[in-house]
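> no letters, just coordinates:
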């Protein structure tokens, strides 16, 4: 998974091209233990027919295409493996995660160099006809959290030789998927015990008032989400409104909004805003899961200092401060970089931060 | 001057509409001394034919339309008045500043309520066929600073009853015009003694690397500035490149860039970048004018916390810190607000901050 | 009230002396309407014997010395006046507020110059044998909020010609008193309608984890608050613990702590920490008073950018952001300055920001 | 080197004890390649008599005690090794770096686990009768930079089997030593090619005006540095003044100050301030070494988000931004943590960030 503009359309959306920085980064990789032979695993696609996702108003496809990476020794070892569930972001799907072979390459280099022991990596399918899942449980846009816990995990455990215990299950995710990974972890410490979120979004209040971002005029004029083609932020706000402000009697989007049109003027609706923030922002949910936090073996997240939406930087820092008040140990690194470009380079965040973190916190062998 | 999208196209450019906040702000104005009768002044248009601006490569119109506001008592008093030079921003001109009568209304309410004594307000003409002046001195885009000092000020002093001394001349400006006001002040403490910049830009290094903002691909493909219609940030970067990286042998823009195209790839050029930053950023210029700083009677600037380009917030704070190292007293307020929307409301920044500041620092009467 | 080290001991506490900046600030005051004759009012001291404060464990003196400033025309006009309740900070009392005559001078200059119409200013007595009130309601340290509403306000209304309506009652306060002013306002919109807090503290989560500040070792060794003489931050933390973590069975302080000593080692107690934060931080209390917020006529607060405890800057910004989510209009300015030194200068925050704000929002005349 | 209060007295100085956080961090270390046998190296002490340090006014001891760690295979391999020069901070010396065996343990665990190949680690002696070196070149306080390049490096190369080339020489340092490491690197890319600074200080302008920190009253009353016993910040400011504002005719400290006493009042001296800032702040020095920057193979630094002096956080971020304008690739991570406590834990910054960084960038083998 090398990030390209087609799978990360926020780049275009923000009218920014930050080619400068990444262009000049040419880290010469020399691992402490390089030169080792790299062995190869397999990526398989599994079909899961969801019952839970039937419950939605946006026309979700119930046939989900799950991608599963099986590590090099899987076929011969007969052993059971830990599983990392990777939550992809919006505007992308499992297919794109493996498309260019980069993720596989990083994993196998990590296995070969002793950075981490072998594990299975699963990319659940969180795509939708609109933006893709925000990792919510909503009658309008789908109960994606329930789908993960009640369908995806049992499905994987039933098909593959997995270590069926929280200590050996981890969550990873990028951007919106980072939000998903964190939320699934704090809600289900008996299913997962380790989580690493790369550039998570939706974790707290940002620098600007939330209503500042989308084009409300266009949103209120749109007849379908397609009318906002190219304006991804406005599309995301529609999905958020559908997820957290559902209103079955209000076509075309069957939801209310935090900016409502009243006699031709946009007006801020504080009740809706607070409802949406409470639904979306992880910081506002932590109190509910206070007990769970202490059960996790490892929590980590990181973010790029030069995220063009600086609200992400501010929000993620304050999410970390909130964890602090709960006395919860975690890693929370802010690094030099633009967007998520640092995640997938040769010695990027995935390879040199996430893999060693899993190596330290995940249980790879169980002696019965 | 009520800000509208047509004169502040950055709004559109940033793909953001922050109607929420301003929509709900309805300050009930009750001055300490309200109810006073408001007297009216006049706005006149003066033609100035510039010789200095002849020296440019972008086709500047040498006939400048200067707008001059004469206060209520001007015609009858026979007195001489202090002059405030208002530097307008890019993508606008003197015409728009007075268009809706709001600026005049705020001034005259301030005079009537004793907030400040009467003064003349001049809006020099800094428009150009491209974005408008960045308040630079450049062979390529015009010597706008020289034009102001050598042509505009003498012209005004020759036509109107002005107090011809630094103590009675002030600069004001908004956004790019705020940059202009500050730069003209620190360069010419013998001409001006007081300055108030509203949301100045170009004052220092921002949060993101400077090359992050424009669409370099499009810039390098463009044949004329018109090819970037609607992409104001890219247009501004072309003007900046022309102003600070002129190259007479390089059509169509006759300048170099901080991101250059090399064999089909964009490459950061640090030499160009530093040259442009040194030319544009006021923080980098202060050392040169250290002596001048202490001669000014009053320096103030302010900015909105919710500027969608948070780099402005960071840069202006660090400009203030730089002044601090020089031991220079100044006001530097960050207020709750989005963009410049707070500047022109009934009790906004112009009325309740800028006018009282001028009242405190400008000399209104000279006894000979 | 000119701030001096004796009444603002945080200066010493922080091991900092920031004489540089203030030393060089010499604003030449020239009001728009200066030169007017200044008339004088009177400061009287009233004794109030509190029944509510009887309920405490730290030995509060029930005889409170209230200072009341009556404006110049009070004695002759026969009119009723608005009342501003000024909440002083910890480690000071009403006596010190008027001690050097500066506050009176600023008020009377403001009245003379038409900045604001005349009002009565009351300084309730929030002193205690320890640090002074944190503006809490606590069985352990006193029900100071109840004391204000149920005793102080009726007492003032019964003794002086006041406008007995919320529209004509305002709260002001500095530092801990700023917290008090804001809290009293959001809890009692039917008593007060306008509030201006100067450098409020205790409004939200800071930059550092809260347990970072006091000397826990010393706190756990102390036999009385006097054992922490000179260490004001540790003293404040004891008062906070007493206010929000009372424990009647635990001498000498009759409270629990967020860092507890367990077998010789300090251990963070998240339950205690969250309880204390929920009790102290205004941001965490806003949800409870959501309805009230909309009833207030004016909310303002400001803070110094160079507060040596940068947590205050961060927390107050985030308090403003929280108000934003409620759609509540307010002023929230961050200014260049160190601590509270800017509040009481000739054209400082009190004179040029707070007084005009009250002029705009408070009702000075009631027509029956 | 486990940090303790005795070797990091800033803790005491800041009146803060942040035991809470670190107390609860108990990372269970499980390396990807754990269980390997750990081999042991040796620490030797070498005496270097400096000629260069003779030139000083603070009574430096010319006999320097250099500590050299030789890796496990050094004695038997006959090979030459890369050398890492570790720059210690103020108020400590080489002795304390090795005192508790922790540094050695982390190094040898890193070697055993294949995190990095073996290298020699040298701790030069930067102690002084006052605070220790600020890594300056000063006639007053010692030419420490020259001492390092002209005496220390040749001395080590002459005594040990070292790889005598920039590619195989790295600098590391903590706090003030981090400043030293970065400065030595940018000045000498032909001697060193890789640098990792842990929590560097003195890299740029902070959040508060620089004069805010020390107790100037006490400084101007002191007869010797001993009169400021316990007030480390004031002591550091005296050393800074001596280093960057030397004045041979002004006892007792033979320097000027940024706050001078004039007729009993402290007055800010902008000329002195700027001279001191230009001498101390690395950001202000980068222009001078622009050419050198591109020659380095690897630059990294990191810092704790919860540094009680938040100026360090701000300054280090802006130092990174400055490097960005030069187009210089580097790592710049901000992590969750208080002070430097995270550096020396089992999987702390030294072990899991610095060692892998050296593994990636340093040349360990040279084929002739």
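Cool, got the structure. Just so it is clear, the model here is predicted, and its values are computed rather than measured.

> what segments of the stretch 1-150 of chain A are strands?
Using DSSP state E, counting those that start in this stretch, the strands of the stretch 1-150 of chain A run over residues A:42-49, A:63-70, A:83-87, A:120-123, A:137-138, A:142-143.

> again, but for the stretch 151-300 of chain A
Using DSSP E, counting those that start in this stretch, strands in the stretch 151-300 of chain A cover A:169-174, A:194-198, A:259-262, A:265-268, A:298-304.

> of all the ones you listed, which lies closest to chain C?
Each of the strands of the stretch 151-300 of chain A was scored for nearness to chain C using Cβ to the nearest Cβ, and the closest is strand A:265-268 (4.9 Å). Quick note: C-beta positions are derived from backbone N, CA and C, even for glycine.

> so what's residue A:258 up against?
A:210-211, A:241, A:245, A:268-269, A:272-273, A:276, B:20 (Cβ atoms under 8 Å, 6 or more residues apart in numbering or on different chains).

> what's the closest of the residues you listed to chain C?
Distance to chain C across those (Cβ to the nearest Cβ) is lowest for residue A:268, with 4.9 Å.

> who in the stretch 251-368 of chain A is up against chain B?
Proximity of the stretch 251-368 of chain A to chain B, by Cβ under 8 Å from any Cβ of the partner chain, involves residues A:258-259, A:265-268, A:306, A:308, A:310, A:338.

> to what extent is residue A:76 buried, counted in neighbours?
7 (other Cβ atoms under 10 Å in any protein chain shown).

> meant to ask about residue A:264, not that
The burial count for residue A:264: 5, using other Cβ under 10 Å.

> could you check how far it is from residue A:217?
Remark: distance between residue A:264 and residue A:217 (Cβ to Cβ, to the nearest Å) = 11 Å.

> can you name every helix or strand that the helix ranked longest in chain A contacts?
Secondary structure of chain A per DSSP state H: the longest helix is helix A:310-325. Packing partners of helix A:310-325 (3 or more Cβ pairs under 8 Å, 6 or more residues apart in numbering or on different chains; DSSP states H and E): strand A:298-304, strand A:331-335, helix C:270-280.

> could I get the ones you listed as a markdown table with mean neighbour count?
Output for the helices and strands packed on helix A:310-325, formatted as a markdown table (neighbours: other Cβ atoms under 10 Å in any protein chain shown):
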| stretch | mean neighbour count |
| --- | --- |
| strand A:298-304 | 24 |
| strand A:331-335 | 21 |
| helix C:270-280 | 18 |
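
> now those as TSV including mean pLDDT?
Formatted as TSV, those follow (pLDDT from 0 to 100):
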stretch	mean pLDDT
strand A:298-304	98
strand A:331-335	98
helix C:270-280	96
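
> okay, the ones you listed in CSV with distance to residue C:102 next?
Shown next, in CSV, are those (distance: least, Cβ to Cβ, whole Å):
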stretch, distance to residue C:102
strand A:298-304, 47
strand A:331-335, 44
helix C:270-280, 30
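
> let me know which of these is the nearest to chain D.
strand A:331-335 (4.2 Å).

> need the distance between the two termini of stretch A:331-342.
17 Å (Cα to Cα, to the nearest Å).

> kindly report the same for stretch A:281-295.
Note: stretch A:281-295 ends 21 Å apart using Cα to Cα.

> any residue of that stretch touching chain D?
No - judged by Cβ under 8 Å from any Cβ, stretch A:281-295 and chain D are separated, with a smallest distance of 10.4 Å.

> tell me which residues are up against that stretch.
Here stretch A:281-295 makes contact (Cβ under 8 Å, 6+ apart) with A:179, A:182-183, A:186-190, A:193, A:200, A:202-205, A:277-278, A:299, A:315, A:318-319, A:322-323, A:326-328, C:270, C:274.

> show the average pLDDT along it.
Averaged across stretch A:281-295, pLDDT comes to 95.

> can you check stretch A:126-141 too?
96.

> cool, and stretch A:169-189?
On average, stretch A:169-189 scores 98.

> residues in contact with residue A:297?
Counted by Cβ under 8 Å, 6+ apart, residue A:297 has contacts A:167, A:193-194, A:361-362, D:28.

> will you turn the residues you listed into JSON lines that also has distance to chain C?
Compiled in JSON lines, these are given as follows (distance: Cβ to the nearest Cβ, whole Å):
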{"residue": "A:167", "distance to chain C": "23"}
{"residue": "A:193", "distance to chain C": "19"}
{"residue": "A:194", "distance to chain C": "21"}
{"residue": "A:361", "distance to chain C": "21"}
{"residue": "A:362", "distance to chain C": "25"}
{"residue": "D:28", "distance to chain C": "19"}
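
> if we can go back for a sec, of the strands of the stretch 1-150 of chain A, which is nearest chain D?
strand A:83-87 (14.5 Å).

> now the most centrally placed residue in chain A: closest residue in space that isn't a chain neighbour?
Centroid-nearest residue in chain A: residue A:177, 0.8 Å away (criterion: Cα atoms, centre = their mean). Once flanking residues are discounted, residue A:177 sits nearest to residue A:87: 3.4 Å by Cβ to Cβ, 6 or more residues apart in numbering or on different chains.

> ok, what's across the strand from that neighbour?
residue A:173 (DSSP bridges).

> quickly note the distance from it to residue A:123.
Remark: distance between residue A:87 and residue A:123 (Cβ to Cβ) = 8 Å.

> surely the residue nearest to the centre of chain A and residue A:86 touch.
Yes - applying Cβ atoms under 8 Å as the test, residue A:177 and residue A:86 come out as touching, 7.2 Å apart.

> before we move on, back to that, show me just the buried residues among the contacts of stretch A:281-295.
A:179, A:182-183, A:186-189, A:193, A:200, A:202-205, A:277, A:299, A:315, A:318-319, A:322-323, A:326-328, C:270, C:274 (16 or more other Cβ atoms under 10 Å in any protein chain shown).

> contacts only, for the residue in the stretch 1-150 of chain A that chain C sits nearest to.
Residue nearest to chain C within the stretch 1-150 of chain A (Cβ to the nearest Cβ): residue A:134, separated by 18.9 Å. For residue A:134, the contacting residues are A:90, A:141, A:144, A:176, A:179-180, A:202, A:236, A:239-240, A:243, A:280, by Cβ under 8 Å, 6+ apart.

> change it to 10 Å
A:90, A:126, A:128, A:141-142, A:144, A:176, A:179-180, A:183, A:201-202, A:236, A:239-240, A:242-244, A:279-280 (Cβ atoms under 10 Å, 6 or more residues apart in numbering or on different chains).

> now residue A:48
Residues in contact with residue A:48 (Cβ under 10 Å, 6+ apart) are A:62-66, A:124-125, A:147, A:151-152, A:154-156, A:159.

> do the same with residue A:313
A:199, A:206-207, A:303-307, A:334, B:207, B:310.

> identify, from these, the entry nearest to chain D.
For those, the nearest to chain D is residue A:334 (4.3 Å; Cβ to the nearest Cβ).

> that closest one against residue D:304, yeah?
No - applying Cβ atoms under 10 Å as the test, residue A:334 and residue D:304 come out as separate, 11.5 Å apart.

> what touches both of these two?
D:334-336.

> taking the stretch 151-300 of chain A, what residue is nearest to chain D?
Nearest residue of the stretch 151-300 of chain A to chain D: residue A:297, at 8.0 Å (Cβ to the nearest Cβ).

> now do that residue against residue A:361, distance only.
Between residue A:297 and residue A:361 the computed distance is 5 Å (Cβ to Cβ).

> does any part of stretch A:234-241 sit near chain B?
Yes - on the criterion Cβ under 10 Å from any Cβ of the partner chain, stretch A:234-241 is in touch with chain B at residue A:234.

> hmm, that stretch touching chain C?
No - if you take Cβ under 10 Å from any Cβ as the test, stretch A:234-241 misses chain C, and the best it gets is 14.5 Å.

> where does chain A have low pLDDT?
Scanning chain A for pLDDT under 70 picks out A:1-36, A:368.

> excluding chain neighbours, what is closest to residue A:254?
Spatial nearest neighbour of residue A:254, chain neighbours left out: residue A:57 (5.4 Å); criterion: Cβ to Cβ, 6+ apart.

> burial count for that neighbour?
Residue A:57: 16 neighbours (other Cβ under 10 Å).
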